[in-house]
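1. Next comes the sequence, and after it the predicted model I'd like to discuss.
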Amino acid sequence: MVEQRPEKPCVAGSIPALSTMKQKILNTYTAVFVKDGDMYAAYAEELPGANTQGKTIDEAKENLKEAISMIIEANIMLSRKSVSRRKFLREKILVSL
C-alpha cells in the first residue's frame, strides 16, 4: 500500500519498468580521468562503483556515462522490487552541497 501526501507530488502505484518511465533523471557528476599507460581510467567521485576506462578521454567519458546510467537503473529497480509489497512513500528530495 502506498502512503499518499496530497500536499506534495508523489510517484506511487504500480511499479513500471524503467523503459516505460516518462520522466528522465538528470544529474551532474564529477568525472575523474587518470592516465594509465595507453588508457584512461575514469570514475565518478559521487557514485561508488561507477568506473570504467577508454583509449581516449572522450571514450572513457562515454563509457562512464553508460556505467552511471546502468548503476542508477539497477539501484532504482532493486529499490522498487524491495518495496513492491509494502506500504511506502516515494518523493523527490533536493540536496545541495
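-> Everything's here; your move. Numbers count the residues shown, from 1 in each chain.
2. looking at it, Val34 is touching Thr52, isn't it?
-> No. Val34 lies out of contact with Thr52 (CB atoms under 8 Å); the separation is 11.5 Å. In this view, the C-beta of every residue, glycine as well, is placed from N, C-alpha and C.
3. what's the spacing between the spatially most central residue of the chain and Ala44?
-> The residue lying closest to the centre of the chain (CA atoms, centre = their mean) is Ile72, at 2.4 Å. Remark: distance between Ile72 and Ala44 (CB to CB, to the nearest Å) = 11 Å.
4. Over to Lys65?
-> 9 Å.
5. Tell me the predicted confidence for the residue lying farthest from the centre of the chain.
-> Most distant from the centre of the chain: Gly37, at 29.9 Å, with distances by CA atoms, centre = their mean. Looking at Gly37, its pLDDT reads 97.
6. Quickly note the distance from it to Gln53.
-> Gly37 is 10 Å from Gln53, by CB to CB.
7. again with Ala67
-> Using CB to CB, we find Ala67 at a distance of 10 Å from Gln53.
8. what do you get for Ile68?
-> Ile68 is 14 Å from Gln53, by CB to CB.
9. Looking at these two now, which is surrounded by more residues?
-> Taking other CB atoms under 10 Å, Ile68 and Gln53 do not tie; Ile68 has more neighbours (21 against 16).
10. Helix, strand, or coil at the more buried one?
-> helix (DSSP: H, G, I helix; E, B strand; the rest coil).
11. just so I have it, where are all the helices in the protein?
-> For the chain, the helices defined by DSSP state H cover 57-83.
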